[in-house]
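no FASTA, just this:
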């Protein structure tokens, strides 16, 4: 045990237990065998490496920090290798270094990394339960291209006020003029018909927002108790995700990047609906309009009123024209009658004369 004290003291830098080395030049001079006698240079170096455990710690730590990424796999990779590295560091502190502080800190960091691994594995398992085939399709089509992590998507579909609901065939999602606008829904599967006054406007298929136009219309109107301008009915059995407006706005306010992405997707969905409506909806003069948005509703009413005024003015212009054309017809009748009458009554005398 006493033979190991100089080595331990050398490792920890304890000068009181350090052995002395006799100089070959002057036997009377003794130089303490220490590391780091000054801040500028080390006077004496170890004769060998600290050991294989310390080398394993350094290699594992280097490999752990070489990993990159923002998903759960990258996090598991980093934390598992860090836990192994600091476990070797704790063993090296017990066997070779004999330093209590090294052992304690290594064990603390090891436990933290193990806890992170367990937490990530638990969250990943919860994520796998949510990601069925439909959810995976929505994530791959709408969120993965923008590098939104699976965990962020899970937070969006599991936040407060978010529900996964079903709608049977023939049932209404919203009734025209009755259902208040207080939610946003994304169709997961099925097909939905949008109509007004028993006229079909368009259809909604999977991976499309059901009421994106109404969601955008609330930004244009001051009335927070607006109702749907259309009737939305399920053509088939449908499944959809719905968010309550209040809680969704709170979540998007905290997640700035997610909020910009969701607003972009809603705006794009509205543009697609307008495009489909404009290709099918015309009035009697060929004007295209969308009856779902309030501003365009007012434009449609203005167009109808303007066309009505034009019709009334056109009828007013036709009445004097008809009166002006009627004398011409009557005046032409006497002028044309003499030839007609001369042909019938006067034709007899020439015939009679010729006979004579």
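Cool, the structure landed. Just so it is clear, the structure is predicted and the values come from calculations on it, not from any experiment.

When you work out contacts or count neighbours from here on, use the C-alpha atoms and nothing else.
Fine.

For the stretch 101-250 of the chain, just list every one of the strands.
162-167, 172-174, 183-189, 192-196, 199-204, 231-234, 238-244 (DSSP state E, counting those that start in this stretch).

Quick one: mean pLDDT for the third one?
Regarding strand 183-189, the rounded mean pLDDT is 91.

Tell me the helices and strands packed up against that strand.
In terms of contacts (3 or more Cα pairs under 8 Å, 6 or more residues apart in numbering; DSSP states H and E), strand 183-189 is packed against helix 133-138, helix 212-220, strand 238-244.

about what we covered before: can you tell me which of the strands of the stretch 101-250 of the chain the model trusts least?
Taking mean pLDDT as the measure, strand 199-204 is lowest among the strands of the stretch 101-250 of the chain, coming in at a mean of 86.

in that one, what's buried?
Burial within strand 199-204, assessed by neighbour count using 16 or more other Cα atoms under 10 Å, is assigned to 201, 203-204.

Please work out the angle formed by the directions of it and strand 192-196.
Using axes from the mean of the first three to the mean of the last three Cα atoms, to 10 degrees, one finds that strand 199-204 and strand 192-196 are set 150 degrees apart in direction.

which neighbours does strand 199-204 have in its sheet, and in what orientation?
On the basis of DSSP bridges, the sheet neighbours of strand 199-204 come out as strand 192-196 (antiparallel).

What ranges does the stretch 1-150 of the chain have for its helices?
Listed in chain order, the helices found in the stretch 1-150 of the chain under DSSP state H, counting those that start in this stretch are 5-12, 52-66, 72-92, 100-130, 133-138, 150-157.

I'd like to know the average pLDDT value across the last one.
Averaging pLDDT along helix 150-157 yields 86.

now swap in the third one and tell me
Averaged over helix 72-92, pLDDT sits at 89.

for it, packing partners?
Applying 3+ Cα pairs under 8 Å, 6+ apart, one finds that helix 72-92 makes contact with helix 52-66, helix 100-130.

quick check: angle from the last one to helix 150-157?
Direction vectors for helix 100-130 and helix 150-157, defined by the same axes, to 10 degrees, enclose an angle of 50 degrees.

May I see the buried residues of helix 100-130?
Of the residues in helix 100-130, those buried by neighbour count under the rule 16+ other Cα under 10 Å are 102-103, 106-107, 109-110, 113-114, 116-117, 120, 124, 127.

could you measure residue 126 against residue 145, distance?
From residue 126 over to residue 145 the distance is 23 Å, taken as Cα to Cα, to the nearest Å.

What is the burial count for residue 162?
By the measure other Cα atoms under 10 Å, the count of residues near residue 162 is 19.

Spatially nearest residue to it (excluding sequence neighbours)?
Excluding its sequence neighbours, the residue lying closest to residue 162 (Cα to Cα, 6 or more residues apart in numbering) is residue 243, at 4.5 Å.

pretty sure the one you found is touching residue 165, no?
No: judged on Cα atoms under 8 Å, residue 243 makes no contact with residue 165 at a distance of 10.7 Å.

neighbour-wise, which of these two wins?
Residue environment comparison for residue 243 versus residue 165 gives the larger neighbour count to residue 243, 22 against 13, counting by other Cα under 10 Å.

Now for the more buried one: which residues touch it?
Contact criterion Cα atoms under 8 Å, 6 or more residues apart in numbering gives 161-163, 183-185 as the residues in contact with residue 243.

at 10 Å instead, please
Shown here is residue 243, whose contacts under the criterion Cα atoms under 10 Å, 6 or more residues apart in numbering are 156-164, 182-186, 249.

Now list the buried members of those.
By the neighbour-count criterion of 16+ other Cα under 10 Å, these include these buried positions: 156-157, 162, 182-186.

would you turn the residues you listed into a markdown table with distance to residue 258?
Shown next, in a markdown table, are the buried ones among the contacts of residue 243 (distance: Cα to Cα, whole Å):
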| residue | distance to residue 258 |
| --- | --- |
| 156 | 9 |
| 157 | 12 |
| 162 | 16 |
| 182 | 20 |
| 183 | 18 |
| 184 | 15 |
| 185 | 16 |
| 186 | 16 |
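
Closest to residue 311 out of these?
Within the set of the buried ones among the contacts of residue 243, residue 182 lies nearest residue 311; the separation is 41.0 Å, counting by Cα to Cα.
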